[in-house]
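Enquirer: structure of the sequence below:
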Amino acid sequence: MALIAAERLSIGPAGRSLAGDIAFTLSAGQIIAVLGANGVGKSTLFRTLLHLQPARSGSVLLDGIGIGGLSRTAIARRVAFVPQAIDAPFPLTVLDFVVMGRTTHLRALGRPSRADFRAAGAALSTLGIAGLAQEAITRLSGGERQLALIARALAQGSPALILDEPAAALDFANRERLAEVLTGLAGQGKGILFSTHDPRQAARLASAVLCLFRSGRACLLPVDRALDPETLASLYDMPVDAVRRGLSADTACGSRAAKTAEARLQIGRRDRS
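Expert: Prediction:
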């Protein structure tokens, strides 16, 4: 059974449709990327899937159950959400911030148990930020706070994860770490839906891509078709030649970086010999 399913879903604020006829299923162990230009409805889609915003039409099912029949707690037990950013006005420690992800497992007025703190600590370790556990969340950089948000979602323990541009604030090292984490979570059976503006990230992580076009059209495509220059040109309203140049530059940059790393490795080997 699908962890998340959208059936003929239309999304948008009252009086305005952003995208329609959206249909996809997210299964355990699957990663789906969402691509589209700014303003086409990626964040709106996520809010609709989480029942934070009503659908204009169509339906959303979690574990085969219509989302309208589920409580907030029942939704949270099925899907954890990582927004692009969050205000943190209170100087909670990072550990206390992450343990808030365990709220869905607590009884009314219950306090987190040792097991809840262990789950939060494990999530911090998974993201490589256990050393920040006692830091105030308000003192973190934007990238560190984003990692804490992801750790909080992991601590929630839900079988599905929705992440809204999770790598946007991360540096190169943490983007790589995040890619490893998401791949590992999918290998453990988590279903992952994430948005990105980086086709390379979609190619690296996803098995399918949900494309949201400016026209309001939406379609789920295999990765190779979604990342075809003609598709990307239509998706981002760019000339095809410009897309090809961008993709070629990315490939060339990666190739040069790999050759440089190999050359440095060879020099190091000669120096040690």
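Enquirer: quick one: low-confidence ranges for the stretch 151-273 of the chain?
Expert: 249-273 (pLDDT under 70).
Enquirer: what segments of it are strands?
Expert: Counting by DSSP state E, counting those that start in this stretch, one finds strands in the stretch 151-273 of the chain at the ranges 160-163, 191-195, 208-212, 218-222.
Enquirer: give me the sheet partners of the last one and which way each runs.
Expert: Right, strand 218-222. Here strand 218-222 is paired, per DSSP bridges, with strand 208-212 (antiparallel).
Enquirer: what's in contact with the strand it pairs with?
Expert: 18-19, 22, 24, 30, 32-36, 40-42, 45, 193, 202, 218-223, 226-227, 231, 235 (Cβ atoms under 8 Å, 6 or more residues apart in numbering). The way it works is simple: take the backbone N, C-alpha and C, and place the C-beta from them, glycine included.
Enquirer: list only buried entries from those.
Expert: 18-19, 22, 24, 30, 32-36, 40-42, 45, 193, 202, 218-220, 223, 226-227, 231, 235 (16 or more other Cβ atoms under 10 Å).
Enquirer: from the chain's centre, how far out does stretch 159-176 sit?
Expert: 6 Å (Cα atoms, centre = their mean, to the nearest Å).
Enquirer: what sits opposite the residue most central in space within the chain in the beta ladder?
Expert: The chain has residue 163 as the residue nearest its centroid, 2.7 Å off, counting by Cα atoms, centre = their mean. Following DSSP bridges, residue 163 is listed with bridge partners residue 82, residue 194.
Enquirer: that one is in contact with residue 193, isn't it?
Expert: Yes. Applying Cβ atoms under 8 Å, one finds residue 163 in contact with residue 193, separated by 7.4 Å.
Enquirer: could I get the strands of the stretch 151-273 of the chain as JSON lines with distance to residue 149?
Expert: Formatted as JSON lines, these follow (distance: least, Cβ to Cβ, whole Å):
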{"stretch": "strand 160-163", "distance to residue 149": "9"}
{"stretch": "strand 191-195", "distance to residue 149": "13"}
{"stretch": "strand 208-212", "distance to residue 149": "22"}
{"stretch": "strand 218-222", "distance to residue 149": "26"}
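Enquirer: to residue 97, which of these lies closest?
Expert: Minimum separation from residue 97 across those (Cβ to Cβ) falls at strand 160-163, 17.2 Å.
Enquirer: residue contacts, residue 2?
Expert: Here residue 2 is in contact with 25-27, 61, 63-64 (Cβ under 8 Å, 6+ apart).
Enquirer: ok, 7 Å please
Expert: Residues in contact with residue 2 (Cβ atoms under 7 Å, 6 or more residues apart in numbering) are 25-27.
Enquirer: still on that earlier bit, how close does the residue nearest to the centre of the chain sit to residue 192?
Expert: Distance, residue 163 to residue 192, by Cβ to Cβ, to the nearest Å: 7 Å.
Enquirer: again with residue 244
Expert: 29 Å.
Enquirer: who has more neighbours, the two?
Expert: residue 192 (22 against 15; other Cβ atoms under 10 Å).
Enquirer: residue 98 versus the more buried one, what's the distance?
Expert: 19 Å.
Enquirer: export stretch 58-66 as CSV, just CAs?
Expert: In CSV, the C-alpha atoms belonging to stretch 58-66 read as follows (Å, rounded to 0.1, in the frame of the first residue of the first chain):
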residue,chain,number,x,y,z
GLY,A,58,-9.2,15.4,-5.8
SER,A,59,-8.0,13.4,-2.9
VAL,A,60,-5.0,12.6,-0.7
LEU,A,61,-4.6,9.2,1.0
LEU,A,62,-2.2,8.2,3.7
ASP,A,63,-1.9,4.5,4.1
GLY,A,64,-5.0,4.2,2.0
ILE,A,65,-7.1,6.5,4.3
GLY,A,66,-8.5,9.7,3.1
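Enquirer: may I see the buried residues of that stretch?
Expert: Result for stretch 58-66 [16+ other Cβ under 10 Å]: buried residues 58, 60-63.
Enquirer: walk me through the domains of the protein.
Expert: The chain resolves into domains spanning 4-238, 240-273 when parsed by automatic domain parsing.
Enquirer: let's verify residue 43: helix, strand, or coil?
Expert: helix (DSSP: H, G, I helix; E, B strand; the rest coil).
Enquirer: excluding chain neighbours, what is closest to it?
Expert: residue 164 (5.7 Å; Cβ to Cβ, 6 or more residues apart in numbering).
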